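Student: Give me a 3D structure for the following:
(chains A and B)
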Amino acid sequence: MDRRLKRLPDAELEIMLIVWKAAAPVNSTYILEQLQGQRTWALATLMTVLARLVEKGFLVCEKQGRNNLYRAAIGEDEYKQSEGRTILEKLYGNSIQSLVTALYDGRAIDKDDLVELRRLLDSFERED
Amino acid sequence: MLAGILTNLIGVSLATGAIILALTLLSFKLDRVYGARWKYWVWLILALRLLLPFGLPLPQAPLQIAMPETQISIPQGLQPVPGLPFAQAASIAGQAGRTVSLVQVAALLWLIGFSLFLLHQLIGYRLFRQQALRWSRPVSNSQVTGRLQQLSREMGIVRAIVPLVSEKVAGPLMIGFVTPLLLLPHEEYAPAELSFILKHELVHLKRHDLWYKLLLLVANAVHWFNPLVYLMVREASKDLELACDDQVTRGTSFDDRKRYSEVILTAMQRQYTHQTALSTFFYGGVRTMEERFRNILNMKARRRGTVALLALLAGVVLVGGIVSCSTPGSGNDAVAVVKKSLEAERNNDFDAWVSTRIEEQQRAFTREANGTFGIISLMVHKVEVSERVTQVMKAQYSGSDLAQRRGWTDEYIAENMIVVYADYTVDYDNAVAPYDEGTLTQVFILVRDDPSSPWLIWDSAVRPLDSF
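Tutor: Modelled structure (predicted):
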């Protein structure tokens, strides 16, 4: 499928990420729970965003008794590929590590490097 | 002034660069003796040294605004002597407005480099942050949140950390100066793995390593023209990781250290298999990782190196002293000369007064023509060096006709010209001295033959300071 999907605003993507993560269709309560810890969402706001996502064709709403259940109509990978990167993002890659404390420098990975590091760690084992 | 700031900047850059080079070349020896923490402090001292001499280095605008022509009144009944600056102020100002000296070009270049460097870093940071957060969702694995809280408590960290999962990050990392955000590429970690990863990040947080990195970045921005400073930033970032690893593995067994190394390697491997595009514009990464693993698995106790650090600190300060000797002195002597001159006027002491003038004027002035000051009362409120007007004056005279006629090079002017102003309230005997009375500001330009000679007054004008 190579139809262009609209770039989702941050808030809508936030909801989609939760729906994609969940294996089964979810209701709004579940989404609200998952959103805890990030910015606080009011139920009304969430319902608006959910409705907009349904309208855009990203979500499918299924009625189950008194509950509305939501499931993704567009897969995460499909959207990810479609979103792509802006020119500026392409230009910068994720090469900026100057104001981040990382477990390791993520720019430095290469298959040969990994083999070399593996060998180094194993050599230490033999010594002791 | 501008020349002074620039020479100071380059001087500090060169001197510190030499130390950076020496430390890097000797690091294979030093690292065996001292732990990474030692180097961490060394780089901090050097970064501060690189930044410190410039309190607020507001560079001059590249084009000078012409000095406004205001009424110049010269007290003491002096006729404007040919070659005196204020008498020619208007004509000089006209020229200085258009002349752009080499120094000004250099200053402009520096400013452009500095701005571009910071802009590049800022855009990169904002983009990364924006992308990482856009694709983030809260951690749903309660093990992660639980362990994070527990470790925070154990390590005495009171700040709330927000854990997020974002596929856009290559490996676990922390970001945010105000609210610390922990970003994980996924949340399916084994308990032991999770502990090591969280500990590593929490140690960074506890030691304020982001601020350390910010300091390095600013030092790098100021010295963007010096490749040795880039080397320092690279080495310092590496030593920051080594020092962090040291703290995570302090007092642990070899097996634990081995496990910690495995955790890091596993994370790297996972990134390799999951990544869509390679972004390796960066070389030497594997060497850094090798060094980290060797460091983690090194069980030998190494010295803290307090004495060596103090020695280095003394050395850095000394080098700074040598560098700053070549820049204009504090100006206390110049203030004293102006005070002496005002004192002499009040006491109607021609000899003392004329001794504060440059030699040329000492010969030209006579007691008969210039010896009556006619002061009834004079109360001096304040005598100070004006750095700003000093800079304005230096910029005006550098490369001017007047300077050429006097044989003054830009370097001479940079080091041997200073502006002192005096606020005082004066009452003249108007029959002898029909000048402005009341509370006034008089601005003095002083010059000297060389940095070891005394300051002498070249000229002065009664004008408000902000008119320059």
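Student: quick one: pLDDT of the residue nearest the centre of chain A?
Tutor: Nearest to the mean C-alpha position of chain A, by C-alpha atoms, centre = their mean, lies residue A:17 at 4.9 Å. On pLDDT, residue A:17 comes in at 89.
Student: surely it meets residue B:135?
Tutor: Yes - contact criterion C-beta atoms under 8 Å: residue A:17 and residue B:135 qualify, at 7.1 Å. Using the backbone N, CA and C atoms, a C-beta is placed for each residue, glycine as well.
Student: Is the residue nearest to the centre of chain A in a helix, a strand, or coil?
Tutor: Residue A:17 falls in the helix class when you classify it by DSSP: H, G, I helix; E, B strand; the rest coil.
Student: ok, it - contacts?
Tutor: Contact analysis of residue A:17 by C-beta atoms under 8 Å, 6 or more residues apart in numbering or on different chains lists A:76, B:135, B:136, B:137.
Student: which pair in the residues you listed spans the largest distance?
Tutor: Farthest-apart pair in the contacts of residue A:17 is A:76 and B:136; separation 13.7 Å (C-beta to C-beta).
Student: Spell out the residue ranges of the helices in the stretch 101-250 of chain B.
Tutor: In the stretch 101-250 of chain B, the helices defined using DSSP state H, counting those that start in this stretch lie at B:102-134, B:142-154, B:191-206, B:209-222, B:227-248.
Student: by how many degrees do the fourth one and helix B:227-248 diverge?
Tutor: Counting by axes from the mean of the first three to the mean of the last three C-alpha atoms, to 10 degrees, helix B:209-222 lies at 170 degrees to helix B:227-248.
Student: Which other helices and strands does helix B:209-222 contact?
Tutor: strand A:101-102, helix B:36-51, helix B:102-134, helix B:227-248 (3 or more C-beta pairs under 8 Å, 6 or more residues apart in numbering or on different chains; DSSP states H and E).
Student: cool, and the shortest one?
Tutor: Applying 3+ C-beta pairs under 8 Å, 6+ apart, we find helix B:142-154 packed against strand B:162-166, helix B:191-206.
Student: hey, what's residue B:447 bridged with?
Tutor: Under DSSP bridges, the beta-bridge partners of residue B:447 are residue B:417, residue B:456.
Student: neighbours of the residue in the stretch 101-250 of chain B positioned nearest to chain A, just the number please.
Tutor: Closest residue of the stretch 101-250 of chain B to chain A, C-beta to the nearest C-beta: residue B:170 (2.8 Å). By the criterion of other C-beta atoms under 10 Å in any protein chain shown, residue B:170 has 26 neighbours.
Student: So it sits against residue B:186, correct?
Tutor: No - in this structure, residue B:170 is not within contact of residue B:186 by C-beta under 8 Å, at 11.6 Å.
Student: so who does residue B:143 touch?
Tutor: Here residue B:143 is in contact with B:191, B:194 (C-beta under 8 Å, 6+ apart).
Student: thinking again about what came up before, of the helices and strands packed on helix B:209-222, flag the one that's most buried.
Tutor: strand A:101-102 (a mean of 22; mean count of other C-beta atoms under 10 Å in any protein chain shown).
Student: What pairs with that one, parallel or antiparallel?
Tutor: Strand A:101-102 is paired, per DSSP bridges, with strand B:173-175 (antiparallel).
Student: higher neighbour count, residue A:76 and residue B:136?
Tutor: Neighbour count, other C-beta under 10 Å: between residue A:76 and residue B:136, residue B:136 has more, with 24 against 14.
Student: need the contact list for the more buried one.
Tutor: A:17, B:164, B:165, B:166, B:168, B:183.
Student: Correct me if wrong: residue B:174 contacts residue B:201.
Tutor: Yes - contact criterion C-beta under 8 Å: residue B:174 and residue B:201 qualify, at 4.8 Å.
Student: Run a quick neighbour tally on residue B:307.
Tutor: Neighbour number of residue B:307 under other C-beta under 10 Å is 9.
Student: Wait, a strand at it?
Tutor: No - assigned with three-state DSSP, residue B:307 falls outside any strand and is helix.
Student: low-scoring stretches of the stretch 201-350 of chain B, by residue?
Tutor: B:274-284, B:317-331 (pLDDT under 70).
Student: Kindly report the same for chain A.
Tutor: Looking at chain A by pLDDT under 70, you get A:1-4, A:37-39, A:85-86, A:89-91, A:93-97, A:106-109, A:125-128.
Student: quick one: the strands in chain A?
Tutor: A:59-64, A:67-72, A:101-102 (DSSP state E).
Student: Please produce TSV containing the ones you listed, extended by distance to residue A:49.
Tutor: Shown next, in TSV, are the strands of chain A (distance: least, C-beta to C-beta, whole Å):
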stretch	distance to residue A:49
strand A:59-64	10
strand A:67-72	11
strand A:101-102	32
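Student: Most tightly packed of these?
Tutor: strand A:101-102 (a mean of 22).
Student: can you list contacts of stretch B:153-162?
Tutor: Outside stretch B:153-162, the residues touching it (C-beta under 8 Å, 6+ apart) are A:37-38, B:148, B:152, B:174, B:179-182, B:199, B:202-203, B:205-206.
Student: Would you single out the least confident of the helices and strands packed on helix B:142-154?
Tutor: Across these, strand B:162-166 has the smallest mean pLDDT, namely a mean of 91.
Student: chain center to that strand: distance?
Tutor: 36 Å (C-alpha atoms, centre = their mean, to the nearest Å).
Student: before we move on, what about stretch B:164-172?
Tutor: The answer for stretch B:164-172 is 35 Å, by C-alpha atoms, centre = their mean.
Student: in it, what counts as buried?
Tutor: B:164, B:165, B:166, B:167, B:169, B:170, B:171, B:172 (16 or more other C-beta atoms under 10 Å in any protein chain shown).
Student: pretty sure the last one is touching residue A:102, no?
Tutor: This points to residue B:172. Yes - taking contacts as C-beta under 8 Å, residue B:172 lies within contact range of residue A:102: 7.0 Å.
Student: would you list the helices and strands packed on helix B:209-222 in CSV and tack on distance to residue B:341?
Tutor: Shown next, in CSV, are the helices and strands packed on helix B:209-222 (distance: least, C-beta to C-beta, whole Å):
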stretch, distance to residue B:341
strand A:101-102, 59
helix B:36-51, 38
helix B:102-134, 31
helix B:227-248, 45
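Student: which other helices and strands contact whatever helix or strand residue B:5 lives in?
Tutor: Per DSSP states H and E: residue B:5 is located in helix B:2-33. Where contact means 3+ C-beta pairs under 8 Å, 6+ apart, helix B:2-33 is packed against helix B:36-51, helix B:102-134, helix B:227-248, helix B:306-325, helix B:387-397, helix B:410-416.
Student: Quick one: the ones you listed as JSON lines, columns for distance to chain A too.
Tutor: Below are the helices and strands packed on helix B:2-33 laid out as JSON lines (distance: least, C-beta to the nearest C-beta, whole Å):
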{"stretch": "helix B:36-51", "distance to chain A": "13"}
{"stretch": "helix B:102-134", "distance to chain A": "3"}
{"stretch": "helix B:227-248", "distance to chain A": "8"}
{"stretch": "helix B:306-325", "distance to chain A": "23"}
{"stretch": "helix B:387-397", "distance to chain A": "33"}
{"stretch": "helix B:410-416", "distance to chain A": "34"}
